[in-house]
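# What follows is a predicted structure for the sequence shown.
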Amino acid sequence: MKNCIAVLAVLALAVSCGSYDLYVYNSKGENAQKFEAMCKAYTDQTGIRIKAFSIGSGQDHMETLRAEMNAKNKPVIFSIQGLKELVEWKEGGFVQDLSMVKDEAFASLVSGIAPSLRLGVGGSTNYGIPYNVEGYGYIADRDMLGALFGAENVDKLVAGITTASYDEWERLIRAIDAWIRSPRAARVTLSGASYAFLPAKEGPAANLTGVFAVMGAEKWTYGDHFINVALNAVFSSANDAFTADDNKIRSGRPAFVDYARALDLKTRYLAGKDGPAVRSQDFVSSANFGYEQTVNIFAEGKAVFFKQGNWAYGNIADANAGMAERLVFLPVKMPLAPADIVRGDGMTVERLNSSIPVFVPNYYAVNALSSEKEKQMAYDFLVWLNTSDSGKKFIVEEFAFIPYNADPAVTTVPNSLGNSIISYLKDGRILGAPYHGAPASWSGDVVGLYLMENYLTKAVWTDADYQAIADYAVDQWIKLK
């Protein structure tokens, strides 16, 4: 009997291992179901069976990917989130230099990637095909803004907030908080124009509990993405950050102080599920301020602003389909002084504070340790995804992605946040992702965790706290290099 069971187990394992031809690892948990559907569509068209694995939304994908790379059956296509992760896979011999591939269709795909979007450090190497381009900022519902300042003022208000100074932004936040607590017809000035609050909390504003919906339990939101805005004062690109010496890193200290001040402001005026929230142990609890919970706080009209990216569109639409069609991005502003901008390419405070980060968040890499047959299947799949009508339809319509090679002059996508990003692209008001060039764990797992444990549970921050946060950020970057 035991022998029979053992034979059956071996047969089951053989069937399992032979049930697919190509293993694709996807680190974008937000589109897991649609990614699976895309892989099925490819199988239906080509007969190539795909095992698609996606992480959970908000989950750190590197730990899972390392486990998969140590398994017997490794992914042939896997995700790399920029230069900070490339180092590990390149040193381990796992990543194929795609610029060396001779397949004609795939070589054409690779050569068509703009140099600024390639995954590599200088030279002609390229280790990834971009998933897409993404952007992020403060998401706002146009109807909510109309409920605060009048529907007829929304277009002018959005333009005014976009170009407003940090001081004007801070005064706006304080004024909105005061209005939520006690509505009255007060006024604020933005970019030289004055706006009057409506005298009552009605319509979309009726349920407001705070100014910002913030994922206190998701350290990547204030570690990776929020700090990245400040890094744009110091570095022009991920490559610039990746090759920075210690003196260049230290020159970013004033920007890190500015980052701490801006984070203090954002986390001081928090919306909660049933009323205003405060920095506390509860705020960093995944049960109350995780990804899903905070999306719902915003989608239910309890917050005015929500710092997230266009990847959150589907989650917001699932919670409030009507709101999802009215969303717009506003810049994440930092209290920078001109002397704090040290990148040396003409960037100004005004330009930085009126722009949003737009960049390649993930790349498809091909496992250099896979067989030549598996690699060819990977090349064919990536060509299909990025050039066929079926593949491009999944990218734009199902994933709600902006193609990495989109022409902003003619491209539209079927969601409000994607089109808001395209408007920033058209105007050239975009920032990069220099945090991708920092040491892999620095922004989220080190600085983010430090903030979560020491400051997001603390009610009052002081100037000494801002200085301590900046010192920690600089010291840890140098230590982790």
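Happy to help now that I have it. Numbering: from 1, shown residues only.

# domain assignment for the chain?
The chain breaks down into these domains under automatic domain parsing: 19-133+360-398, 135-359+419-480.

# Between these, which has the poorest mean confidence score?
Note on the domains of the chain: lowest mean pLDDT is at domain 19-133+360-398, with a mean of 93.

# so Val214 makes contact with Thr294?
Yes: using C-beta atoms under 8 Å, Val214 is in contact with Thr294, at 6.7 Å. Glycine gets a C-beta too; all of them are placed from N, C-alpha and C.

# Which among the domains of the chain is found nearest to Asp407?
domain 135-359+419-480 (9.4 Å; C-beta to C-beta).

# Now do that closest one: distance to the chain's middle.
For domain 135-359+419-480, the separation from the chain centroid amounts to 12 Å (computed by C-alpha atoms, centre = their mean, to the nearest Å).

# Would you point out which residue is most central in this structure?
Geometric centre of the chain, nearest residue: Gly309, 5.3 Å, by C-alpha atoms, centre = their mean.

# where do the helices sit along the stretch 151-300 of the chain?
154-163, 166-181, 219-220, 226-231, 238-242, 246-250, 253-266, 286-289, 291-299 (DSSP state H, counting those that start in this stretch).

# Show me what the fourth one is packed against.
Identification of packing neighbours for helix 226-231 by 3 or more C-beta pairs under 8 Å, 6 or more residues apart in numbering; DSSP states H and E yields helix 253-266.

# How about residues contacting stretch 109-127?
80, 82-83, 86, 89-90, 95-99, 101, 128-130, 133, 237, 239, 242-243, 360, 363, 365, 382-383, 386-387, 404-405 (C-beta atoms under 8 Å, 6 or more residues apart in numbering).

# thinking Cys438 is in contact with Ile478, fair?
Actually, residue 438 is Ala rather than Cys. No: in this structure, Ala438 is not within contact of Ile478 by C-beta under 8 Å, at 10.9 Å.

# Show me what the longest helix belonging to the chain packs onto, helices and strands only.
The longest helix of the chain (DSSP state H) is helix 463-480. Judged by 3+ C-beta pairs under 8 Å, 6+ apart, the packing partners of helix 463-480 are helix 246-250, helix 253-266, helix 449-454.

# Need the phi and psi values for the nearest residue to Asn405 once chain neighbours are set aside.
Of all residues not flanking Asn405 in the chain, Gly112 sits nearest, at 6.8 Å (C-beta to C-beta, 6 or more residues apart in numbering). Phi and psi for Gly112, reported as degrees, to the nearest 10, are phi -80, psi 0.

# For Ala400, see how far away Gly112 is.
Note on Gly112: its distance to Ala400, by C-beta to C-beta, to the nearest Å, is 23 Å.

# neighbour count winner among the two?
Ala400 (23 against 11; other C-beta atoms under 10 Å).

# So the closest residue in space to that one that isn't next to it in sequence versus Val234, what's the distance?
Distance criterion C-beta to C-beta, 6+ apart; nearest residue to Ala400, sequence neighbours excluded, is Asn415 at 4.9 Å. Going from Asn415 to Val234 by C-beta to C-beta gives 32 Å.

# and what of Val410?
Distance from Val410 to Val234, by C-beta to C-beta: 34 Å.

# quick one, which of these two is more surrounded?
Val234 (24 against 7).

# What is the burial count for Leu263?
22.

# Likewise for Glu91?
9.

# quick check, Val24 in a strand?
Yes: assessed by DSSP: H, G, I helix; E, B strand; the rest coil, Val24 belongs to a strand.

# Give the bridge partners for the closest residue to it other than its chain neighbours, please.
Sequence neighbours aside, Ile77 is the residue nearest to Val24 in space, at 4.5 Å (criterion: C-beta to C-beta, 6+ apart). Legend: beta-bridge partners of Ile77 under DSSP bridges are Val24, Val366.

# Show me where the stretch 301-450 of the chain has its helices.
Under DSSP H, counting those that start in this stretch, the stretch 301-450 of the chain gives helices at 313-319, 321-324, 349-352, 372-387, 389-393, 416-427, 449-454.

# Residues touching stretch 85-98, excluding its own?
62, 69, 78, 80, 106, 110, 119-120, 125-129, 365-369, 375, 440.

# Quick check: Gln45 touching Ser390?
Yes: with contacts counted by C-beta under 8 Å, Gln45 reaches Ser390, the gap being 6.7 Å.

# any common contacting residues for those two?
Shared contacts of Gln45 and Ser390, defined by C-beta under 8 Å, 6+ apart, comprise Trp384.

# Quick check: Leu22 touching Lys74?
No: the criterion here is C-beta under 8 Å, and Leu22 misses it with Lys74 at 11.7 Å.

# Which one's more surrounded, the two?
Leu22 (23 against 17).

# Contact partners for that one?
Leu22 neighbours (C-beta under 8 Å, 6+ apart): 48-51, 76-77, 374, 377-378, 381.

# Could you report the separation of it from Ala241?
From Leu22 to Ala241 the distance is 34 Å (C-beta to C-beta).

# try Ser388
35 Å.

# ok, now how distant is the closest residue to Ala277 other than its chain neighbours from Ile297?
Sequence neighbours aside, Leu270 is the residue nearest to Ala277 in space, at 3.9 Å (criterion: C-beta to C-beta, 6+ apart). From Leu270 over to Ile297 the distance is 9 Å, taken as C-beta to C-beta.

# okay, those two: which has more neighbours?
Taking other C-beta under 10 Å, Leu270 and Ile297 do not tie; Ile297 has more neighbours (27 against 24).

# circling back: can you flag the buried ones in the contacts of Leu22?
50-51, 76-77, 374, 377-378, 381 (16 or more other C-beta atoms under 10 Å).

# Take those residues and lay them out in JSON lines including distance to Trp179.
Conversion of the buried ones among the contacts of Leu22 to JSON lines gives the following (distance: C-beta to C-beta, whole Å):
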{"residue": "Ile50", "distance to Trp179": "52"}
{"residue": "Lys51", "distance to Trp179": "52"}
{"residue": "Val76", "distance to Trp179": "55"}
{"residue": "Ile77", "distance to Trp179": "50"}
{"residue": "Glu374", "distance to Trp179": "59"}
{"residue": "Met377", "distance to Trp179": "58"}
{"residue": "Ala378", "distance to Trp179": "54"}
{"residue": "Phe381", "distance to Trp179": "52"}
